[in-house]
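Trainee: here is the input, now give the coordinates:
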Amino acid sequence: MSRRRTSSDLTARARELAGRAGIPYSAALAALRTPRTARSTGPAAPDHTAATGLPALDGLLGPLTPGTLTVLAGRTMAGTTALLLGIARHHGHRGRPVILAELQSSPHATMRSLLAAEAGQDLDRTADYAPDRQMVAEAAARLHGIPIRLLTPDGSNAVSRLRAEAAAGGAGLLLVDTLRLAAGMEPSPPLPGQSAAELVALARDLDVPAVATAHLRPQPGDGDSRPRPDDLDDPGVLAHAHRLVLLHRPARLGPLPGQRDLVTLHVARPDGTEAGTTTMLFEPEYHRMVAPPCT
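Mentor: Numbering: from 1, shown residues only. Just a heads-up that it's a prediction; the model follows:
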């Protein structure tokens, strides 16, 4: 027997959505009242082919294989978190249950990043412009209905929390930002590659892919040089990663605005051999990585 949604149900959902997304209650209520068929996008039928959602990158990586770990690594402001959040949204919209352990940001900041990426809006500049507010509200409604569960820092081992969350509600994809923080506040420092090994073991147990971010060591004296697998801040990760995506944003501080946000993605195997490269556009204000416009 179907249950008709009451006014109080809608009010409660709108208040929850407004709080999570940081938008006015009236905008959240209007978005939830919009028929799903009228929204620009929404959760699609389940898609069990794991990919990043960026065709050029997927052509180099191939499918994200169950039981394996793909590592996204870059230096400061290279866009690794934006790429990871894009993977989360891509799979969530396709009905794949995603568990995201976001260990670098607060829940509010993570939700704002997801919302900015979904709406294609700079949330710091849309407060007084009604059409932009409506786009943000519609994006918030779309995000509200997709299966992304968020874990945020609490000092405990992130992989153990992922395991417990998967046992409680299932999982189709495991995401961690960032491996360096996954061990939590354990009494002794983790062994090299320990968090990566634990994440791979969990991915194998659940038969799902895992994707995690990692940091690359800075290279003093030569600027932002082309990254290599052995630049990982934890070289022990190499023993457990199936594929590496090394993000390189060489012109981040350069004089040419059109070049600053271009990021070269080097797809590499842990032994250092390269599968290929592709270039993406990092949109920091929208917290997302997209294909660059055709030139």
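Trainee: ranges for the helices of the chain?
Mentor: 7-21, 25-33, 55-61, 80-92, 107-119, 130-144, 158-169, 194-206, 257-260 (DSSP state H).
Trainee: so which of the ones you listed comes closest to Val237?
Mentor: helix 194-206 (4.5 Å; Cβ to Cβ). All C-beta atoms are positioned from the backbone trio N, CA, C, and that covers glycine.
Trainee: output the closest one as PDB, restricted to C-alpha atoms.
Mentor: What follows is helix 194-206 as a C-alpha-only set of coordinates in PDB (Å, rounded to 0.1, in the frame of the first residue of the first chain):
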ATOM      1  CA  GLN A 194      49.200   0.100   5.800                       C
ATOM      2  CA  SER A 195      46.100   2.100   5.000                       C
ATOM      3  CA  ALA A 196      46.200   1.300   1.300                       C
ATOM      4  CA  ALA A 197      46.600  -2.400   2.200                       C
ATOM      5  CA  GLU A 198      43.600  -2.300   4.600                       C
ATOM      6  CA  LEU A 199      41.500  -0.500   1.900                       C
ATOM      7  CA  VAL A 200      42.400  -3.100  -0.700                       C
ATOM      8  CA  ALA A 201      41.500  -5.900   1.700                       C
ATOM      9  CA  LEU A 202      38.100  -4.400   2.300                       C
ATOM     10  CA  ALA A 203      37.500  -3.800  -1.400                       C
ATOM     11  CA  ARG A 204      38.200  -7.500  -2.000                       C
ATOM     12  CA  ASP A 205      36.000  -8.600   0.800                       C
ATOM     13  CA  LEU A 206      33.100  -6.500  -0.600                       C
END
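Trainee: would you confirm that Leu181 contacts Ala158?
Mentor: Yes. With contacts counted by Cβ atoms under 8 Å, Leu181 reaches Ala158, the gap being 7.2 Å.
Trainee: of those two, which one has the most company?
Mentor: Comparing Leu181 with Ala158 by other Cβ atoms under 10 Å, the one with more neighbours is Ala158, at 27 against 17.
Trainee: roughly how far does that one sit from Gln219?
Mentor: Distance, Ala158 to Gln219, using Cβ to Cβ, to the nearest Å: 28 Å.
Trainee: having no further points to raise, I will conclude here.
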